[in-house]
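J.: take a look and give me a structure for this.
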Amino acid sequence: MDGKELLTMRHIKKQFPGVLALNDVDFTLRKGEIHALMGENGAGKSTLIKILTGVYQMDEGEVRIEGEKVSIHSPQAAQNSGISTVYQEITLCPNLTVAENMFIGRDNSLFSNRKKYEKRADELLKQLEIPAKSTQQLGRCSLAIQQMVAIARAVDMKCKVLILDEPTSSLDDKEVNMLFKLMRNLKSEGVGIIFVTHFLEQVYEVSDRITVLRNGELVGEYLTEELPQVELVSKMIGKALDELNSLGDPDETKKVSDEVFYEAEGLSSENALPFDFKIHKGEVNGFTGLLGSGRSESVRAIFGADKVTGGKIKIKGAQVKITKPIDAMKHGIGYLAEDRKRDGIIAELSVRENIILALQVMNGFFKPISRSESEAFADEYIKVLQIKTANRETPVGSLSGGNQQKVILARWLLTHPDYLILDEPTRGIDVGTKLEIQKLVLKLAEEGVSVTFISSEIEEMLRTCSRLIVMRDRHIVGELKGKELNQVQVMKTIAGGEA
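T.: This next block holds a predicted model:
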């Protein structure tokens, strides 16, 4: 770590209508360091980053690069100052090729020198060990590959400051290690890296310093090695962690109802191989496995989100047909999708409009929900789920990721589902909100709702589920419950098939 100050932000203030997003916040990044920016969703991390990248203009404060005061009034100005960013939500163009995404907007000769740039892109992809070709259409790549392409684009811009906003949220362990190797190499070359993540273990694996924000204010800056993980979480949520511990491990003696709510035999879709599955009333089960194992494809088949190609389905013992989402919804099934930006929120619509969307679809558009009803529904769930928003009419796209997730949860809770599928409901959100969602899942189960819970964090699955279905290569390779529910057993099953 160089130790010399590369970036300083002093007394930063930013206010939106009804919300003070940042209040007198300082931040310092040194040359050759990886600096983790931590805090709950809504703490001000994204606002601080958007000020640094010229997306927002600060109301007060100053920014200096290598001691020189700079005016970052646009993303182009940030780029000219040596600042590159990879956001949590991928902002590339899925209809363009990998090479076009890496270089478009940076060189007007791109299209007249296509072969040159494709060769340059392939060299960079090979260097970073990204399994993609320059000529591939980006939209046909997995989310993980798209994220790595975004990082490759930023790296190629020879930046002084690299901002990584939740870069690992769609990556598997191997890809995370590839990214960390790249980050350490850039660090050794003097690049300052701002690392935003909700994976605490990753913070301690790769970062040198940690800055914590809470409710738009600076809590403090710490050396990573001097800040125990428990203290970090406590500083982020502003209270002790007794509540986290109170969740404990799943009760091995907990009795699940004998009543089977949903049962599938030989269910398959255009993306899922045939599988058998059932869930009891009031049970919380989960699909686990590495990225690409087929867990998301399986639940999409259950909901009819992908074209169903075979299988028999029973709801409460009676055979039914579910080939599209509306069929599932009418049978009491709700589904929170893995990609909230693509399959969840409608960013331009208000919080209120997003919350009532599923119920309105079920009612039919010839039976519109009245304005007064929709306002009452929105106000109820904003309060119940503690959604941080200026008001119910705020566009949902302007909310933090965790609060967007709560809005989608509210949408499905409003339909009073009998069976709720939650695919990565806590991805990219803070520790406090994760805890709230886990508690909500367990509360719903106590009330008789069946829940399928998917998370990339095995510890979270173990805290929440009473039964885990383990997948590898789109096949179910094991089922764990009771004393088998531990991290070692899950990993053994993923690695070697049936335990």
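
J.: what helix or strand is the closest residue to D156 other than its chain neighbours located in?
T.: Using C-beta to C-beta, 6 or more residues apart in numbering and skipping the chain neighbours, the partner closest in space to D156 is L124 (5.9 Å). (C-beta placed from N, C-alpha, C; glycine too.) For L124, the host element (DSSP states H and E) is helix 114-127.

J.: name the helices or strands packed onto that helix?
T.: helix 98-103, helix 143-156 (3 or more C-beta pairs under 8 Å, 6 or more residues apart in numbering; DSSP states H and E).

J.: which helix or strand lies directly C-terminal to the last one?
T.: Counting by DSSP H and E, the next helix or strand C-terminal to helix 143-156 is strand 161-165.

J.: tell me how far that following strand is from the chain's mean position?
T.: Here strand 161-165 shows a centroid-to-chain-centroid distance of 17 Å under the convention C-alpha atoms, centre = their mean, to the nearest Å.

J.: average pLDDT for that strand, rounded please.
T.: Mean per-residue pLDDT for strand 161-165: 92.

J.: could you look up the SS state of the residue lying closest to E446 once chain neighbours are set aside?
T.: Spatial nearest neighbour of E446, chain neighbours left out: G282 (7.2 Å); criterion: C-beta to C-beta, 6+ apart. Classification of G282 by DSSP: H, G, I helix; E, B strand; the rest coil places it in coil.

J.: residues touching G282, list them.
T.: Residues counted as contacts of G282 (C-beta atoms under 8 Å, 6 or more residues apart in numbering) are 256-257, 445-450.

J.: among the residues you listed, which one has the most neighbours?
T.: Neighbour tally across these (other C-beta atoms under 10 Å): the maximum, 27 neighbours, falls on S450.

J.: which strand residues bridge that one?
T.: Applying DSSP bridges to S450 gives these bridge partners: Y419.

J.: and L186, how many neighbours does it have?
T.: 18.

J.: now swap in H416 and tell me
T.: So H416, with other C-beta under 10 Å, has 10 neighbours.

J.: distance check, the residue nearest to T47 when sequence neighbours are not counted against R392.
T.: Beyond its immediate neighbours in the sequence, the residue positioned closest to T47 (C-beta to C-beta, 6+ apart) is A21, lying 4.3 Å away. Using C-beta to C-beta, to the nearest Å, A21 is found at 19 Å from R392.

J.: with neighbour numbers in mind, choose between those two.
T.: Just comparing A21 and R392: by other C-beta under 10 Å the higher neighbour count belongs to A21, 23 against 19.

J.: which strand or helix spans R10?
T.: R10 belongs to strand 5-16, assigned by DSSP H and E.

J.: now do that strand, average pLDDT.
T.: The pLDDT scores in strand 5-16 average 95.

J.: next SSE after that strand?
T.: strand 19-30.

J.: and that next one, what's buried?
T.: 21-23, 25, 27-30 (16 or more other C-beta atoms under 10 Å).

J.: need these in a markdown table (columns: pLDDT and distance to Y222).
T.: Output for those, formatted as a markdown table (pLDDT from 0 to 100; distance: C-beta to C-beta, whole Å):
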| residue | pLDDT | distance to Y222 |
| --- | --- | --- |
| A21 | 91 | 23 |
| L22 | 95 | 19 |
| N23 | 95 | 20 |
| V25 | 97 | 15 |
| F27 | 98 | 13 |
| T28 | 97 | 12 |
| L29 | 97 | 14 |
| R30 | 97 | 14 |
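
J.: quick one: these as JSON lines, columns for distance to G397 too.
T.: JSON lines is the format used below for the buried residues of strand 19-30 (distance: C-beta to C-beta, whole Å):
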{"residue": "A21", "distance to G397": "15"}
{"residue": "L22", "distance to G397": "19"}
{"residue": "N23", "distance to G397": "23"}
{"residue": "V25", "distance to G397": "23"}
{"residue": "F27", "distance to G397": "25"}
{"residue": "T28", "distance to G397": "31"}
{"residue": "L29", "distance to G397": "28"}
{"residue": "R30", "distance to G397": "34"}
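
J.: per the record, what domains does this protein have?
T.: 5-239, 260-496 (automatic domain parsing).

J.: what's the closest of the buried residues of strand 19-30 to H73?
T.: Within those, distances to H73 taken as C-beta to C-beta reach their minimum at L22, with 17.4 Å.

J.: my guess is that closest one contacts R214. True?
T.: No - L22 lies out of contact with R214 (C-beta atoms under 8 Å); the separation is 11.6 Å.

J.: distance of I346 from V55?
T.: Applying C-beta to C-beta to I346 and V55 gives a distance of 21 Å.

J.: with neighbour numbers in mind, choose between these two.
T.: V55 (16 against 12).

J.: confidence score at that one?
T.: As summarised for this prediction, V55 has a pLDDT of 93.

J.: where's E68 relative to G54, distance?
T.: E68 sits 16 Å away from G54, going by C-beta to C-beta.

J.: out of the two, which sits in the more crowded spot?
T.: More crowded of E68 and G54, by other C-beta under 10 Å: G54, with 20 against 8.

J.: spit out the contact partners of the more buried one.
T.: By C-beta under 8 Å, 6+ apart, G54 lies in contact with 72-78.

J.: which one of those residues has the most neighbours?
T.: Highest neighbour count within those, by other C-beta under 10 Å: A78, with 25 neighbours.

J.: wasn't it part of a strand?
T.: No - assessed with three-state DSSP, A78 is helix; it does not lie in a strand.

J.: for the stretch 351-499 of the chain, what spans make up the helices?
T.: Taking DSSP state H, counting those that start in this stretch as the criterion, the stretch 351-499 of the chain contains helices spanning 351-363, 371-384, 401-413, 431-446, 458-464, 487-496.

J.: for these, which one ends up most surrounded?
T.: Mean neighbour count, computed with mean count of other C-beta atoms under 10 Å, is highest for helix 401-413 among the helices of the stretch 351-499 of the chain, reaching a mean of 24.

J.: follow-up on the earlier one: state the pair within the contacts of G282 that is farthest apart.
T.: Top of the distance list for the contacts of G282 (C-beta to C-beta): V256 and E447, 13.9 Å.

J.: just to revisit the earlier point, which of the helices and strands packed on helix 114-127 sits most buried?
T.: Comparing the helices and strands packed on helix 114-127 by mean count of other C-beta under 10 Å gives helix 98-103 as most buried, with a mean of 26.

J.: thanks a lot, catch you later.
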